[in-house]
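*Asks:* My questions concern the predicted model and sequence given below.
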Amino acid sequence: MLKRRHIRALVKLRYHQFRNFLFSNRFKEFLFFLFFVFIAFVFWLLNALNYDLEDNVAVKVDVKGVPGDIMFITPQVQTVDVRIRDKGTKLINYIFRVRDLSLDIDFDEIDNKDGRAAILTRDLLAARGSFPQTTSVVSVQPDTLFFEYTNSKAIKLPVKLNSMVRPDIYHYVKSVSIVPDSVTVYLPQRNTTPYDCVETLLIPQQSIGDSTTIAVGLKEIPGAKLIPEEVSVSYEVDVYVDKVLQLPVTAVNFPYGVELKTFPTKVDVAFQIGSDDMRRLRDKDFGAVIDYKTLDLKSEKANVTLQYVPDYVRNARLLQTQVDYLLEWALDTIPQEP
């Protein structure tokens, strides 16, 4: 309770101090000073506006009356940056009222068989009377407006990926998807070159360890309009898992009546596999074999090789590359000593 009483007393004291300041002679002198500063600023502004000044104005040029079967390859609405010079009193209108001007061009003025048109910007501004006679145009950017359009039917082209993205040593790219996987292409009327795809810009080399989505632009086709102009490339990344399986040793290319027995009967194969691919892993997808053609009958050891492995594993290797072996011959196939 005592603390609240002190706060109320402090607020009341500050209020009376501020009120006394508003009615003090010092505050009245400060108001007079601000008034004369304002008067001086007004006279300075009026004097400055009597001189020639320069300012930038954006002029939007829009093509109107476009038929429904026409598609613009260049932007239909283009902006021209105009630097003008005039009295400050005239430029105020552009600064506060009409900084953004617009000009309309009828499509019939640019229509031709080639589907291309070039218009000098200064001539366009002069013909439309965009500025008063007292206003001087200092510079214009760009000096020429180019319009290109087509009435050709749109075609759908698939997107081809250019990428140097690679997974790190612990991961692999399970799948790559492009959205959208095809784009709409409007070719210029004069174009006769066939296209079968649209390529992306090169995604620079980088190593990824997680699923990633990258926005990438498309390579331009000269004079064509692409919708959209960029696509999203998604890399689905999975982690590699170390795995060891025991595989039976299989005999291949052995003659009729010869049976192979190995000690041990199974060997271990080590490999790396994606965690999602573990579900489809089967022993029969691997082949650990002893080939009779490479067998040294004078040795007690036989070489074991991996004849085939699944295409979704990597770094597959046998942990035992040799086993002891014994050949059993049928009675009618036992080789005779010379």
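*Replies:* Noted; the coordinates are in hand. Residues are numbered from 1 along each chain as shown.
*Asks:* which secondary element of this structure has the worst mean pLDDT?
*Replies:* Using mean pLDDT, DSSP states H and E, helix 88-96 stands out as the lowest-scoring helix or strand of the chain, at a mean of 64.
*Asks:* Helix or strand next in line after that helix, which one?
*Replies:* strand 100-106 (DSSP states H and E).
*Asks:* got the buried residues for the helix or strand harbouring K243?
*Replies:* According to DSSP H and E, K243 maps onto strand 230-252. Judged by neighbour count (16 or more other CB atoms under 10 Å), strand 230-252 contains these buried residues: V231, V233, Y235, V237, D238, Y240, L245, L247, V249, A251. Any C-beta I mention is one placed from the backbone N, CA and C, and that applies to glycine too.
*Asks:* and if you look at stretch 273-288?
*Replies:* Neighbour-count burial for stretch 273-288 flags I273, G274, D277, F286, G287, A288 (criterion: 16+ other CB under 10 Å).
*Asks:* low pLDDT regions in the protein?
*Replies:* In the predicted model of the chain, residues 1-6, 9-23, 27-28, 40-53, 87-100, 128-130, 132-134, 189-192, 330-338 satisfy pLDDT under 70.
*Asks:* can we see that at 80?
*Replies:* The model of the chain has pLDDT under 80 over residues 1-57, 68-69, 84-102, 112-116, 124-138, 151-153, 188-194, 223, 329-338.
*Asks:* So it: which segments form each domain?
*Replies:* Residue ranges for the domains of the chain, per automatic domain parsing: 2-48, 52-150, 155-239, 240-333.
*Asks:* And the helices in the stretch 51-200 of the chain, which stretches?
*Replies:* Under the criterion DSSP state H, counting those that start in this stretch, the stretch 51-200 of the chain carries helices at the ranges 88-96, 121-128.
*Asks:* which ones are touching I155?
*Replies:* If you count contacts by CB atoms under 8 Å, 6 or more residues apart in numbering, I155 has them with T184, V185, L187, Y195.
*Asks:* can we see that at 10 Å?
*Replies:* S182, V183, T184, V185, Y186, L187, P194, Y195, A224 (CB atoms under 10 Å, 6 or more residues apart in numbering).
*Asks:* In JSON lines, list these along with neighbour count and distance to D108.
*Replies:* Shown next, in JSON lines, are the contacts of I155 (neighbours: other CB atoms under 10 Å; distance: CB to CB, whole Å):
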{"residue": "S182", "neighbour count": "14", "distance to D108": "35"}
{"residue": "V183", "neighbour count": "20", "distance to D108": "31"}
{"residue": "T184", "neighbour count": "15", "distance to D108": "27"}
{"residue": "V185", "neighbour count": "18", "distance to D108": "27"}
{"residue": "Y186", "neighbour count": "22", "distance to D108": "21"}
{"residue": "L187", "neighbour count": "22", "distance to D108": "23"}
{"residue": "P194", "neighbour count": "7", "distance to D108": "32"}
{"residue": "Y195", "neighbour count": "12", "distance to D108": "31"}
{"residue": "A224", "neighbour count": "20", "distance to D108": "24"}
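*Asks:* ok, of those, which one's closest to Q141?
*Replies:* Nearest to Q141, judged by CB to CB, of the contacts of I155 is A224 at 25.8 Å.
*Asks:* tell me the contacts of the closest one?
*Replies:* Neighbour list for A224: 73, 148, 150, 152, 155, 157, 185-188, 191, 193, 195, 198 [criterion: CB under 10 Å, 6+ apart].
*Asks:* ok, it to E29 distance?
*Replies:* Plainly put, A224 is 72 Å away from E29 if you go by CB to CB, to the nearest Å.
*Asks:* With V309 instead?
*Replies:* From V309 to E29 the distance is 95 Å (CB to CB).
*Asks:* More neighbours: those two, which one.
*Replies:* V309 (17 against 10; other CB atoms under 10 Å).
*Asks:* Quickly find the element holding the closest residue to the more buried one other than its chain neighbours.
*Replies:* Closest residue to V309 apart from its sequence neighbours, by CB to CB, 6 or more residues apart in numbering: A316 at 4.4 Å. Using DSSP H and E, the element containing A316 is strand 313-318.
*Asks:* That strand: which residues count as buried?
*Replies:* In terms of neighbour count (16+ other CB under 10 Å), strand 313-318 has its buried residues at V313, A316, L318.
*Asks:* any idea which of those is closest to L326?
*Replies:* L318 (20.1 Å).
*Asks:* Enumerate the beta-bridge partners assigned to that closest one.
*Replies:* Beta-bridge pairing of L318 under DSSP bridges involves V269.
*Asks:* what does the one 4 residues further on give?
*Replies:* In this structure, Q322 has beta-bridge partners N303, where bridges are defined by DSSP bridges.
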